[in-house]
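> how would this look folded up:
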Amino acid sequence: MELSRLSAFHSYTIKWNRILSTESSLIKGLDIQSEKELNALHAIEKIGVIGRAQLKAIFLGRDNQRVKKMERYRQIKRHELIRNNEIIPIYTLGATGIEFLRCPSKKNEWFQLNEYMVLERLIFFQLYDKLKNIYSDLQITEVEPPFIGGIQAKGEKKHFNVLVVRENKEKIQKLLARSNPKKPIICVCEDLIYLESLNPYLKQNKIRVTTDKELRHKDFESMFYLWHQGGWVNENALLQEKNNNQTKAVDHQ
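You can find the predicted model right below:
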């Protein structure tokens, strides 16, 4: 099996940078009026960390200068996730971003995140990026761990809580053994085989599953699996089978 770019089987290290006590006072009274920047800051506040490529592609219109500006004005703080000696720039809220959003508890909280927890959040934003091409009014909501975040669309008519499987099966199992979440779940895993120990718990919920590969390379209609007759079956294939059966039934009437 080919490893995904954010596979847990790569070698990772993180270089976190700390917000110093002097940074908050360097740019006082910053008024952030850009809707793009505000949306980015609110998303980072709720999820904790985002990749540079995702920050640009999802929120800033691929504008390198705007990223640099947000760094310069300390709206965001740059760190490094290192994968097999390759540097992946990642961002958390910076001093003035925290001050503007009035969330002092977020300051330096990223030191609590390990490499796998960062991967979960980067994959969350991959999913968000995919869904924003389907729904025009996506909102990110905060949820309790081990969920990474919630994705809400069409007012409150659609709401998914997102699980990402990355060295956290025990936490997910404890959650689902304790209760069945009321909100539908989207679960992203590296491969369906890694859900084997979780299947008895996952299948009891309203859930769609996708993999890293499907998330990156399949369109929205083809990327999900549903639990059906003892295994994960592609949702689009199930729908086609249902339509074919209905057509055959009509033909025989």
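> okay, now the domains of this structure?
1-113, 123-253 (automatic domain parsing).
> now do the helices in the stretch 101-250 of the chain.
Applying DSSP state H, counting those that start in this stretch to the stretch 101-250 of the chain gives helices spanning 115-132, 169-178, 199-202, 212-217, 235-251.
> which stretch among these comes nearest residue 146?
Of all those, it is helix 169-178 that lies closest to residue 146, at 4.3 Å by C-beta to C-beta. In this view, the C-beta of every residue, glycine as well, is placed from N, C-alpha and C.
> what's the closest non-adjacent residue to residue 137?
Of all residues not flanking residue 137 in the chain, residue 153 sits nearest, at 5.9 Å (C-beta to C-beta, 6 or more residues apart in numbering).
> hang on, the earlier thing: JSON lines for the helices of the stretch 101-250 of the chain, including distance to residue 82?
Formatted as JSON lines, these follow (distance: least, C-beta to C-beta, whole Å):
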{"stretch": "helix 115-132", "distance to residue 82": "9"}
{"stretch": "helix 169-178", "distance to residue 82": "25"}
{"stretch": "helix 199-202", "distance to residue 82": "32"}
{"stretch": "helix 212-217", "distance to residue 82": "19"}
{"stretch": "helix 235-251", "distance to residue 82": "36"}
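> which residues sit against stretch 45-64?
36-37, 39-40, 43-44, 66-67, 76, 78-79, 81, 88-93, 97, 101, 103, 106, 109-110, 113, 118, 121-122, 124-126, 128-129, 132, 140-142, 148-149 (C-beta atoms under 8 Å, 6 or more residues apart in numbering).
> those residues, buried ones only, as a PyMOL selection?
Selecting only the buried entries of the contacts of stretch 45-64 in PyMOL, with 16 or more other C-beta atoms under 10 Å as the criterion:
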select buried, resi 37+40+43+44+66+67+76+79+81+88+90+91+92+93+97+101+106+110+113+118+121+122+124+125+126+128+129+140+148+149
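> once you drop chain neighbours, what's closest to residue 3?
residue 9 (5.6 Å).
> so which strand or helix has the one you found?
Using DSSP states H and E, residue 9 is not contained in any helix or strand.
> for the domains of the chain, give me JSON lines that also has mean pLDDT.
Listed next are the domains of the chain as JSON lines, based on pLDDT from 0 to 100:
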{"stretch": "domain 1-113", "mean pLDDT": "92"}
{"stretch": "domain 123-253", "mean pLDDT": "90"}
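> for stretch 69-80, buried residues please.
70, 71, 73, 74, 75, 76, 77, 79.
> does the fourth one count as helix, strand or coil?
Using DSSP: H, G, I helix; E, B strand; the rest coil, the secondary structure recorded for residue 74 is coil.
> so residue 70 touches residue 37, yeah?
Yes - Residue 70 is within contact range of residue 37, at 6.1 Å (criterion: C-beta atoms under 8 Å).
> follow-up on the earlier one: gap between the residue nearest to residue 137 and residue 120?
21 Å (C-beta to C-beta, to the nearest Å).
> out of these two, which sits in the busier spot?
Using other C-beta atoms under 10 Å as the criterion, residue 153 and residue 120 rank with residue 120 on top: 29 against 17.
> the more buried one contacts residue 171, doesn't it?
No - in this structure, residue 120 is not within contact of residue 171 by C-beta under 8 Å, at 10.8 Å.
> what residues are up against the residue nearest the centre of the chain?
Against the mean C-alpha coordinate of the chain, by C-alpha atoms, centre = their mean, the closest residue is residue 124 at 0.9 Å. Residues in contact with residue 124 (C-beta under 8 Å, 6+ apart) are 47, 148, 149, 162, 164.
> what residues does the spatially closest residue to the last one that is not a sequence neighbour make contact with?
I take that to be residue 164. Leaving aside its chain neighbours, residue 164 sits nearest to residue 120 (4.0 Å; criterion: C-beta to C-beta, 6+ apart). Taking C-beta under 8 Å, 6+ apart as the criterion, residue 120 is in contact with 148, 164, 166, 168.
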